[in-house]
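Novice: quick one, structure for this:
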Amino acid sequence: MGLSDRIKGISRRDFFRVAGTYGLSNTLLAAGAFGGALTVGGLARAAESTYEKRYAKEPKHTLKFGASGFNQQNLLIERAGCLEFARDLESRTDGEIRVEFIGNNQICGQTSCVEKTQQGIVDIYAASTQNSAGGAPYLNVLDYAYMFRNRADQYHFLYSPASARLLREPYEKRHGLKFLFSHAELRGIQLGLKWEDKETVTSVEQLAGTKNRVTGTQLGRIAMKALNLNPVPVAWEETLDGLKQGLIDGAETWTSAVAYANMSPVVSQSVHLNFFCGTEHTAMSASVFDGLGGDLQDAVMESSYLAQVHVQAANEAALVKTVGQSDPILPGTIFARDNVRNAFLSKEEIRKAEEMCSPEFQPQLWEQWRERINGWSGGLDTYQEIYDEVRTIDENTLPENVEPRRWWKA
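Specialist: Predicted coordinates for the structure are as follows:
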C-alpha cells in the first residue's frame with residue numbers, strides 16, 4: 001500500500017527524509033498520533049516536537065521494541081496497540097524509559113522476534129502468538145480449536161486473573177518472556193483469486209481438500225487436518241505470492257492481517273471459520289522487566305493495561321470501518337476497495353466444524369499436545385480451565401462491552 005491512505009500527501013521518500021532529521025522512532029510516534037491527513041510540514045513539526053519531548057532528559061533505560069512488520073500506517077488498520085504502549089510508557093515514566101520502536105521487519109520478523117527477544121537483541125517484541133509459537137511453544141495454549149467462541153471471550157480471558165495462571169506465568173517461567181497485551185481476532189481461511197468466480201462459501205464441505213498456509217502453531221495444524229484443510233507451512237512474508245500465483249488455495253489468518261499486509265488484492269473470500277486464535281501480542285524480556293525496579297515495573301503494567309483497553313475499542317471499530325468485516329461491507333473500506341467477500345458461516349456450520357475438530361468432540365486428536373502443554377503449565381488442565389473461564393460471560397456479549405480488568409490484581 002505504500003504509505004497509508006490515511007497519511008495523505010506524504011511520499012515514502014518524504015517520510016524517510018523527515019525520519020533522517022528527527023529519527024525513525026520520533027517520526028513513527030509522531031505520525032502514529034495522527035488519525036487523518038498529514039502534510040510533510042505537519043509531520044516534521046510533530047516529529048520535532050516529539051524529539052524535543054523525548055530527549056528532554058537522559059533515560060534510565062532505553063528499550064528496543066522489535067515490531068515485526070508493523071509501522072505507523074498498518075497499525076491504523078490492525079490496531080495492535082504498539083505505538084500507544086510506547087508513547088504512554090515514555091510519558092508515564094517522565095522519560096525514564098525510552099522506547100526505540102523498530103518495525104517494518106528491520107530487526108526481526110513474525111517468526112524471529114520471539115527468539116531475538118530471548119537472545120537479548122531486542123527487549124520488547126510484537127508478533128502473532130501463532131508465529132511466535134515456534135520459538136516459544138507454550139503459546140500453543142491459546143490455539144485449541146473452538147476454545148474461544150468469539151472475540152469477547154478472548155478479551156475476557158486476557159483481562160482475567162485466570163490468564164496469569166494459565167498463560168502468562170507458565171510463558172514467563174518456560175520462555176523468559178512477559179506477556180503484556182494482545183489484539184484479539186479469530187482465524188479463518190482467506191481464499192485466493194482461484195475462488196474469485198466461485199460461489200461464496202457457506203459450508204465446511206466446500207473447503208474440504210483445499211491447500212492452505214499455516215503458521216508456526218502446532219495446534220492449528222491439528223484443527224486444519226481434522227477439517228481437511230491441508231496445512232502447508234509458508235512464511236508470512238511469502239504468503240501473498242503463494243496466493244497470487246495459486247500455489248495455495250488460501251491462508252489461515254484473520255481479516256485485519258489480510259488488510260494490513262496488503263494481501264486483500266489477492267484474496268477473494270474471507271471465510272470466517274473462527275476456529276482458533278489470531279492474537280497479535282506484545283511481550284517483553286522478563287529479565288529486562290525484572291531489572292527495571294518497582295515503580296517502572298508498575299508503569300509497564302499500567303501502560304500494558306492502557307494499550308489493552310485501547311486495542312479492544314479501536315480494533316473492534318477498525319474491523320468494521322477500516323477493514324470491512326461486516327455484512328454489508330461498508331463503502332470505503334479495504335475489503336470494499338479490493339472486492340473481498342465476507343463468508344460468514346451459520347451457527348450450524350460453525351457447530352459442525354467444532355464437532356469435527358475441537359478437543360471437546362475429538363479429544364484423541366489433541367491428547368499428545370494437551371498432555372505436553374499441561375505439563376509445561378505445572379499440571380493444569382489448560383484447555384478445560386480456559387474453556388470454562390471464558391464461558392463465565394454470556395455468549396452474546398459484544399467484544400467492546402467486555403469489562404477491562406487489571407489481570408495482575410485478583
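
Novice: the spatially most central residue of the chain: what's it in contact with?
Specialist: Closest to where the C-alpha atoms of the chain average out (C-alpha atoms, centre = their mean) is Glu280, at 1.6 Å. The neighbours of Glu280, taking C-beta atoms under 8 Å, 6 or more residues apart in numbering as the test, are 78, 80, 126-128, 182-183, 257. All C-beta atoms are positioned from the backbone trio N, CA, C, and that covers glycine.

Novice: go through these and flag which are in helices.
Specialist: Among these, the residues falling in helices (DSSP state H) are Ala257.

Novice: now, which of the contacts of Glu280 sits nearest Thr210?
Specialist: The nearest member of these to Thr210, counting by C-beta to C-beta, is Ala257 at 18.6 Å.

Novice: tell me how far the helix or strand containing Lys173 lies from the chain's centre.
Specialist: For Lys173, the host element (DSSP states H and E) is helix 169-175. The gap between where helix 169-175 is centred and where its chain is centred comes out at 20 Å by C-alpha atoms, centre = their mean, to the nearest Å.

Novice: same question, stretch 388-401
Specialist: Remark: stretch 388-401 is offset 20 Å from the chain centroid, using C-alpha atoms, centre = their mean.

Novice: stretch 257-267 now?
Specialist: Relative to the centre of its chain, stretch 257-267 is centred 15 Å away, using C-alpha atoms, centre = their mean.

Novice: go on, stretch 346-366?
Specialist: Distance, stretch centre to chain centre, for stretch 346-366: 24 Å (C-alpha atoms, centre = their mean).

Novice: contacts for that stretch, please.
Specialist: If you take C-beta under 8 Å, 6+ apart as the criterion, stretch 346-366 is touched by 144-147, 202-204, 219, 222-223, 226-227, 273-275, 345, 370, 383, 387.

Novice: go with 7 Å
Specialist: Contacting residues not belonging to stretch 346-366 are listed as 144-146, 203-204, 222-223, 226-227, 273-275, 370, 383 [C-beta atoms under 7 Å, 6 or more residues apart in numbering].

Novice: can you show me the CA trace of that stretch as PDB?
Specialist: Output of stretch 346-366 as PDB, limited to C-alpha atoms (Å, rounded to 0.1, in the frame of the first residue of the first chain):
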ATOM      1  CA  SER A 346     -24.100 -20.100  10.000                       C
ATOM      2  CA  LYS A 347     -24.100 -21.100  13.700                       C
ATOM      3  CA  GLU A 348     -25.000 -24.600  12.500                       C
ATOM      4  CA  GLU A 349     -21.900 -24.800  10.200                       C
ATOM      5  CA  ILE A 350     -19.600 -23.500  12.900                       C
ATOM      6  CA  ARG A 351     -21.000 -26.200  15.200                       C
ATOM      7  CA  LYS A 352     -20.300 -28.800  12.500                       C
ATOM      8  CA  ALA A 353     -16.700 -27.600  12.200                       C
ATOM      9  CA  GLU A 354     -16.400 -27.700  16.000                       C
ATOM     10  CA  GLU A 355     -17.600 -31.200  16.200                       C
ATOM     11  CA  MET A 356     -15.100 -32.200  13.500                       C
ATOM     12  CA  CYS A 357     -12.000 -30.800  15.200                       C
ATOM     13  CA  SER A 358     -12.400 -29.500  18.800                       C
ATOM     14  CA  PRO A 359     -10.900 -31.200  21.900                       C
ATOM     15  CA  GLU A 360     -14.500 -31.400  23.300                       C
ATOM     16  CA  PHE A 361     -15.600 -33.600  20.500                       C
ATOM     17  CA  GLN A 362     -12.400 -35.100  19.200                       C
ATOM     18  CA  PRO A 363     -10.200 -35.500  22.300                       C
ATOM     19  CA  GLN A 364      -8.000 -38.200  20.800                       C
ATOM     20  CA  LEU A 365      -6.600 -35.700  18.300                       C
ATOM     21  CA  TRP A 366      -5.300 -33.500  21.000                       C
END
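
Novice: for that stretch, buried residues please.
Specialist: For stretch 346-366, a neighbour-count test (16 or more other C-beta atoms under 10 Å) marks 349-350, 352-354, 356-360, 362, 365-366 as buried.

Novice: now the helices for the stretch 101-250 of the chain?
Specialist: 113-118, 129-132, 151-159, 162-163, 169-175, 218-226, 236-245 (DSSP state H, counting those that start in this stretch).

Novice: distance of the residue nearest to the centre of the chain from Glu78?
Specialist: Distance, Glu280 to Glu78, by C-beta to C-beta, to the nearest Å: 6 Å.

Novice: then Lys321?
Specialist: The gap separating Lys321 from Glu78 is 13 Å, by C-beta to C-beta.

Novice: just Thr39 next, same as before
Specialist: In this view, Thr39 and Glu78 are 25 Å apart by C-beta to C-beta.

Novice: okay, these two: which has more neighbours?
Specialist: Taking neighbours as other C-beta atoms under 10 Å, Thr39 and Glu78 compare with Glu78 leading, 28 against 13.

Novice: any chance you could list what contacts the longest helix seen in the chain?
Specialist: Ranked by residue count under DSSP H, the longest helix found in the chain is helix 294-318. Residues outside helix 294-318 that contact it (C-beta under 7 Å, 6+ apart) are 77-81, 84-85, 88-89, 92-93, 96-97, 155, 158, 180-181, 183, 256, 289, 292, 399-400, 402, 404, 406, 408.

Novice: run the last query once more with 6 Å
Specialist: Residues from elsewhere that reach helix 294-318 (C-beta atoms under 6 Å, 6 or more residues apart in numbering): 79, 81, 84-85, 88-89, 92-93, 155, 180-181, 183, 399-400, 404, 406.
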